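A.B. asks: quick one: sequence plus predicted model below, questions after.
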Amino acid sequence: MSQVLLLAALVPLAILVSGCNAFTSTYTRCGSVSSVFGQQQQSSSALNLTPLPKGISPFEKSLSKNIDIQGDFRKSSKKAIDAAIGNNMKRVEIEFPPLLGGSQSKSQFDDFDNIQELDKNKEWTMQLAPTFLGEKEYQKGRVWMIFPDLKECELAKAEWAGQRYQEATFTTIQAVTNYLATGENSGGGYDAPWGENLMSGLSKIMGGKDGDAGLLGDQASLDPLVEGENSPARLWLVIQPGNGGPVEDWVNCEKMALSSPDTTMVVINGALDKVRGGFYPAVFFPKLAATVDRFWKKFEPAFYLKPFSDKGVYGWLYRVYPEPWQVHLEIVKPGKDGNAEVEYMLVDTMDEKPSYDKVVSMLLSVSQANK
């Protein structure tokens, strides 16, 4: 190649690299010039991957409070769930930070409690359910909203009274398990959390002639489950089972699935990483431990977005099914007027979900290589 041609070929590359270094909005859309893990880094757009949602960084609070982050999560989740169902997957996981976005946006560094998470997961799922109703197979109550307890079901039915929301069937883990899990192959019926039977009995005593004082919620909020009408369900949307609640929720989810194997179960923010990762020791939780390999490890993460903050690096593990897993490094730099500027660098993609330690190691390696 002549020197003229060589120069002509290098000039656009120089412009590209310069543009990449200067671009500091929400996403780095050009390939990095460094090579990590034996391959050149590229942007998610170059690989036809779904880019990270905007405003997710804890250093972008002003942006987070003014955009509908959860709406973006729902759109990507719906696309991913449809793809998983299209590939005949019956066990689907959805995992994301539920408190990001809006005027009260909170990141992993802010204080929050389980009730706030549960309220947001309930709200998020209530708005997801109607997106399935354009297809006939999901109409007439065939989408079941499965709440972790009766009180949450009661609150949701009162708060989301519109017809498009009431089209779904409102029920609970207990009601579904009692309805379905009665045969020998279903695990022997509903596993009640410790203390629930005591509270239920107390509620009936206090209820007097009316029968139930409603201490655990109003039984009237449950929709009837009727074979040939709204049963069997086509889709179960299970809201935050076990996460902050009784571990029996996870045990009962398996019983439900065994009793209706053709129904697609979508678990929303059920903290399945804790279940699969041995957070609950088998010696203390033998029933839960028995479900891990035969049930919970078979779930397909369809929409998954998890922040990583460890050893001085920030990053994200991200996936929208059927795309590969993405690991992103979050780079925070001083900006104008004291506001931080955030860039995201795609570190690598992989077909299998990497471990926590693997993600942290990857982020550290790239962070050090780019200093």
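C.D. replies: Yes, it's here.

A.B. asks: show me where the protein has strands.
C.D. replies: Using DSSP state E, the strands of the chain run over 35-36, 39-40, 91-95, 143-147, 169-172, 235-239, 264-268, 300-310, 313-320, 325-334, 340-350.

A.B. asks: which of the ones you listed sits closest to residue 222?
C.D. replies: Taking C-beta to C-beta, strand 169-172 is the member of the strands of the chain nearest to residue 222, at 5.8 Å. For glycine as for every other residue, the C-beta is placed from the backbone atoms N, C-alpha and C.

A.B. asks: and the closest one, what other elements does it pack with?
C.D. replies: If you count contacts as 3 or more C-beta pairs under 8 Å, 6 or more residues apart in numbering; DSSP states H and E, strand 169-172 packs onto strand 143-147, helix 150-159.

A.B. asks: closest one to residue 236 among those?
C.D. replies: strand 143-147 (5.0 Å).

A.B. asks: which strands or helices does the closest one pack on?
C.D. replies: Under the contact rule (3+ C-beta pairs under 8 Å, 6+ apart), strand 143-147 is packed against helix 114-128, helix 150-159, strand 169-172, helix 173-180, strand 235-239.

A.B. asks: next, the angle from it to helix 173-180.
C.D. replies: Angle of strand 143-147 versus helix 173-180, following axes from the mean of the first three to the mean of the last three C-alpha atoms, to 10 degrees, is 130 degrees.

A.B. asks: give me the contact list for strand 143-147.
C.D. replies: Residues outside strand 143-147 that contact it (C-beta atoms under 8 Å, 6 or more residues apart in numbering): 122, 125-126, 129, 132-133, 153, 156, 167-173, 176, 230, 233-239, 241.

A.B. asks: mind running it again at 6 Å?
C.D. replies: Strand 143-147 has contacts (C-beta atoms under 6 Å, 6 or more residues apart in numbering) with 129, 132, 153, 168-173, 176, 233, 235-239.

A.B. asks: tell me the one among those nearest to residue 336.
C.D. replies: The shortest approach to residue 336 among these belongs to residue 239, at 41.4 Å (C-beta to C-beta).

A.B. asks: from residue 292, how far out is residue 342?
C.D. replies: Using C-beta to C-beta, to the nearest Å, residue 342 is found at 36 Å from residue 292.

A.B. asks: now residue 145
C.D. replies: To residue 292, residue 145 is 26 Å away according to C-beta to C-beta.

A.B. asks: same question for residue 353.
C.D. replies: Counting by C-beta to C-beta, the gap from residue 353 to residue 292 is 15 Å.

A.B. asks: neighbour count for these two, which is higher?
C.D. replies: Higher neighbour count among residue 353 and residue 292: residue 292, with 20 against 14, using other C-beta atoms under 10 Å.

A.B. asks: one step back: so which of the helices and strands packed on strand 143-147 comes closest to residue 276?
C.D. replies: Closest to residue 276 of these, according to C-beta to C-beta: strand 235-239, at 16.2 Å.

A.B. asks: tell me the helices and strands packed up against the closest one.
C.D. replies: If you count contacts as 3 or more C-beta pairs under 6 Å, 6 or more residues apart in numbering; DSSP states H and E, strand 235-239 packs onto helix 114-128, strand 143-147, strand 264-268.

A.B. asks: not counting stretch 109-116 itself, show me its contacts.
C.D. replies: For stretch 109-116, the surrounding residues in contact (C-beta under 6 Å, 6+ apart) are 58, 99, 106, 244.

A.B. asks: just how off-centre is that stretch within its chain?
C.D. replies: 16 Å (C-alpha atoms, centre = their mean, to the nearest Å).

A.B. asks: skipping its backbone neighbours, what lies nearest the most centrally placed residue in the chain in space?
C.D. replies: Ranked by distance to the mean C-alpha position of the chain (C-alpha atoms, centre = their mean), the top residue is residue 95 at 1.7 Å. Leaving aside its sequence neighbours, residue 95 sits nearest to residue 304 (C-beta to C-beta, 6 or more residues apart in numbering; 4.8 Å).

A.B. asks: so that neighbour makes contact with residue 319?
C.D. replies: Yes: contact criterion C-beta atoms under 6 Å: residue 304 and residue 319 qualify, at 4.5 Å.
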